[in-house]
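>>> Have a look at this fold, sequence not included:
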């Protein structure tokens, strides 16, 4: 009697839950799963669009072969410089936003004003306006030119890296502009660290330097990984990103294949991040 | 005797050493601070860094504002870099004409705000379900939520266009609005995740107490849970509004031949027109100023919204556990 009532109770709970999640699941199936499956289907086909209908001819993996092996220019010419660029941009964004978030968390007169200014990138960086600013040359730091960084780069850095470094340098301000959300995440994360721990460490006589390395940084590890993921996803899906802009409507089949290859690359990155995170998290919790 | 005297001397030396050490420590404390935010040197350092970075963030905006009010004389005058000698509003007027401002502004407002409102509700419901309710295959759906978050929208864009074409929704707002109704749309997955992390921080006793009082699930959500999540809602509303306002990608693909388009598209069309004019040899000294005026017209509403919302926004960010 009691058992069946309990069973009934959990069924009711599950029904309620299903009712709440149903719209999202429906939306997922229609607007995500279906287009996703369809694009996978198209990537194995030659797609021809006629006035009245769309014709599909199965060609197997040849789009993939074309992109990955036969005609590398479509992917590799854009991909490798972009990966090198991201390899530099991501650490810069992370370190910078962590630094700014910690500074903004301090108590000092004028903090609110600075916060208002530092959240401006959240508003601008997603729009066309930023592109406009870059076109105006607002993205570069004039100090780079006065120090003749370009010259030294060409002299001492191997060619395949010099160009991406140069590009990151010249759009250094842009890198700072892309840190808006990351600053927010770090700031929110920093708020979750309890003040009592800091008090205890102060009473034990550890200085600000030690406190940062022993308390703040380990406490922020989950947020560092969250930001890493967010930055990877953001950089890789930005519409003006060179590979994404190659995904166009002129050749459906090949574009779909390119999008899938690209997605698998992103997925690999994110999974690597997650793997790294679980490792770090384990070793940290082992220490605690 | 001698030994005692020597002992005294040593003691005196030790004492003065101690004194020196203490005063040095005192000095160090005053300069570096017992805590990271108390020392003078450190404070100076913090201010220098913050002011510099703030300048980097402000500079394009300052440049935009000062450039757009320059008339021909000020533009050609090389001594005028930042502060124009006179203020000229003609560029603003011309830009607003080229952007078809009133109409596009209303379109942008209605599009961004309707998506934002829908996303707040639908993502809150989904996030609540993910955080606190039971349903079949919850783990699978949770994984798919993360999947949606990291999936580039470009991968589904072609089939989506075909799908919306099938529905007859192209060149309308429906491709942006309807997915939002179901908790998707622009960065919808991220908003669901924000709500999920917020609702999972609330104590379990809360729903139990409400259930004891006889509240059904819908009442519980709309009367207790949703009002509680005000801080998360502020964050999601602002993000959603701003990102939808700025978004160029989706409208450009779903409404490419539409007549009534949001500001982001009219800006791109205007830039295209101006490039064409430039290519035809009609280079004017005003091009820059007009572009800046147009940019200003597009950003200004966001700035106004942000100025009003920033206090709640910052509080919300701190309280949401935006992440977790």
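All right, it came through fine. None of these values were measured; they are calculated from a predicted model.

>>> So which residue is smack in the middle of chain B?
A centroid search over chain B (Cα atoms, centre = their mean) returns residue B:239, at 5.4 Å, as the residue closest to the centre.

>>> and that residue, how far is that from residue B:60?
21 Å (Cβ to Cβ, to the nearest Å). Every residue, glycine included, has its C-beta placed from N, CA and C.

>>> can you tell me which helix in the chain is longest?
Answering for chain A, as no chain was given. Criterion DSSP state H: the longest helix present in chain A is helix A:252-287.

>>> Not quite, go with chain B.
Criterion DSSP H: the longest helix present in chain B is helix B:287-320.

>>> from the chain's centre, how far out does that helix sit?
Averaging C-alpha positions (Cα atoms, centre = their mean, to the nearest Å) puts helix B:287-320 9 Å from its chain's average.

>>> The closest residue to chain A within chain B: what's it in contact with?
Residue of chain B nearest chain A, by Cβ to the nearest Cβ: residue B:182 (2.6 Å). Residue B:182 sits next to A:23-24, A:26-28, A:30-31, B:122 when contact means Cβ atoms under 8 Å, 6 or more residues apart in numbering or on different chains.

>>> ok, back up a step: and the residue nearest to the centre of chain B, which helix or strand is it part of?
helix B:230-246 (DSSP states H and E).

>>> what element comes up after that helix heading to the C-terminus?
With DSSP H and E, the next secondary element past helix B:230-246 is helix B:249-254.

>>> Which pLDDT value does the model give residue B:182?
Reading off the confidence values, residue B:182 has pLDDT 93.

>>> Nearest residue to it in space, please, no chain neighbours.
residue A:27 (2.6 Å; Cβ to Cβ, 6 or more residues apart in numbering or on different chains).

>>> pLDDT averaged over the host helix or strand of that neighbour - what is it?
If you go by DSSP H and E, residue A:27 is part of helix A:2-27. Averaging pLDDT along helix A:2-27 yields 83.

>>> Show me how far that helix is from its chain's centre.
35 Å.

>>> Skip ahead from the lowest-mean-pLDDT helix or strand in chain B and say which helix or strand is next.
Lowest on mean pLDDT, DSSP states H and E among the helices and strands of chain B sits helix B:2-32, with a mean of 66. Per DSSP H and E, the first helix or strand lying C-terminal to helix B:2-32 is helix B:40-68.

>>> Tell me the helices and strands packed up against whatever helix or strand comes next after that next one.
Downstream of helix B:40-68, the first helix or strand assigned by DSSP H and E is helix B:72-76. Of the remaining helices and strands, none touches helix B:72-76 by 3 or more Cβ pairs under 8 Å, 6 or more residues apart in numbering or on different chains; DSSP states H and E.

>>> ok, now with 10 Å
Judged by 3 or more Cβ pairs under 10 Å, 6 or more residues apart in numbering or on different chains; DSSP states H and E, the packing partners of helix B:72-76 are helix B:40-68, helix B:287-320.

>>> returning to what we had before: how about whatever helix or strand comes next after the helix holding residue A:27, does it get close to chain B?
For helix A:2-27, the following helix or strand on the C-terminal side (DSSP H and E) is helix A:34-43. Yes. With Cβ under 10 Å from any Cβ of the partner chain as the criterion, chain B is reached by helix A:34-43 at A:34-43.

>>> next structured bit after helix A:34-43?
That would be, after helix A:34-43 and using DSSP H and E, strand A:45-49.

>>> contacts for that following strand?
A:41, A:54-60, A:62-63, A:249, A:251-257, B:158, B:162 (Cβ atoms under 10 Å, 6 or more residues apart in numbering or on different chains).

>>> Now do the buried residues in it.
Residues A:45-47 are the ones in strand A:45-49 that count as buried (16 or more other Cβ atoms under 10 Å in any protein chain shown).

>>> any chance of these in CSV, plus pLDDT?
Putting those into CSV (pLDDT from 0 to 100) gives the following:
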residue, pLDDT
A:45, 85
A:46, 82
A:47, 78
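
>>> out of those residues, which one sits closest to chain B?
Closest to chain B out of the buried residues of strand A:45-49 is residue A:47 (9.0 Å), distances taken as Cβ to the nearest Cβ.

>>> check contacts around the nearest residue to that closest one once chain neighbours are set aside.
Nearest residue to residue A:47, sequence neighbours excluded (Cβ to Cβ, 6+ apart): residue A:252, at 3.9 Å. Counting by Cβ under 10 Å, 6+ apart, residue A:252 makes contact with A:39, A:42-43, A:45-49, A:54, A:56, B:158-159, B:161-162.

>>> Try it again at 7 Å.
Applying Cβ atoms under 7 Å, 6 or more residues apart in numbering or on different chains to residue A:252 gives the contacts A:42, A:47, B:158.

>>> Can you tell me which of those is nearest residue A:161?
Nearest to residue A:161 among the contacts of residue A:252: residue B:158, at 34.4 Å, using Cβ to Cβ.

>>> Now for that closest one, how many residues are close by?
A total of 24 residues lie near residue B:158 under the criterion other Cβ atoms under 10 Å in any protein chain shown.

>>> Could you check how far the residue in the stretch 151-288 of chain A that chain B sits nearest to is from residue A:115?
Relative to chain B, the nearest point of the stretch 151-288 of chain A is residue A:208 (3.4 Å; Cβ to the nearest Cβ). Separation of residue A:208 from residue A:115 (Cβ to Cβ): 21 Å.

>>> Same question for residue B:244.
From residue B:244 to residue A:115 the distance is 24 Å (Cβ to Cβ).

>>> Residue A:14 now?
For residue A:14, the distance to residue A:115 - Cβ to Cβ - is 43 Å.

>>> Give me the more crowded residue out of these two.
Taking other Cβ under 10 Å, residue A:14 and residue A:115 do not tie; residue A:115 has more neighbours (19 against 15).

>>> Quick check: that one touching residue B:314?
Yes. The pair residue A:115 and residue B:314 passes the contact test of Cβ atoms under 7 Å, sitting 5.6 Å apart.

>>> buried set for the helix or strand where residue A:222 lies?
According to DSSP H and E, residue A:222 maps onto helix A:217-237. Within helix A:217-237, the residues that count as buried by 16+ other Cβ under 10 Å are A:219-220, A:222-237.

>>> quick one: stretch A:22-31 to chain centroid distance?
Taking Cα atoms, centre = their mean, one finds stretch A:22-31 lying 24 Å from the centre of the chain it belongs to.

>>> what's the offset of stretch B:231-242 from the middle of its chain?
Chain-centre distance of stretch B:231-242: 9 Å, with Cα atoms, centre = their mean.

>>> same question, stretch A:66-73
Centroid separation between stretch A:66-73 and its chain, computed with Cα atoms, centre = their mean, is 26 Å.

>>> And the residue nearest to the centre of chain B, how close does it get to residue B:108?
Distance of residue B:239 to residue B:108, computed by Cβ to Cβ: 16 Å.

>>> Ok, residue A:63 next?
38 Å.

>>> can you check residue B:313 too?
20 Å.

>>> Is there a neighbour count for residue A:83? I'd like the number.
14.

>>> do the same with residue A:121
21.

>>> Residues contacting the strand or helix carrying it, please?
In the assignment (DSSP H and E), residue A:121 maps to helix A:120-124. Helix A:120-124 is contacted from outside by A:130, A:177, A:179-181, A:184, B:57, B:242, B:299, B:302, B:306, using Cβ under 7 Å, 6+ apart.

>>> Save the residues you listed as a markdown table, and put in pLDDT too.
As requested, these are exported to a markdown table (pLDDT from 0 to 100):
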| residue | pLDDT |
| --- | --- |
| A:130 | 70 |
| A:177 | 79 |
| A:179 | 85 |
| A:180 | 83 |
| A:181 | 85 |
| A:184 | 84 |
| B:57 | 81 |
| B:242 | 89 |
| B:299 | 86 |
| B:302 | 88 |
| B:306 | 84 |
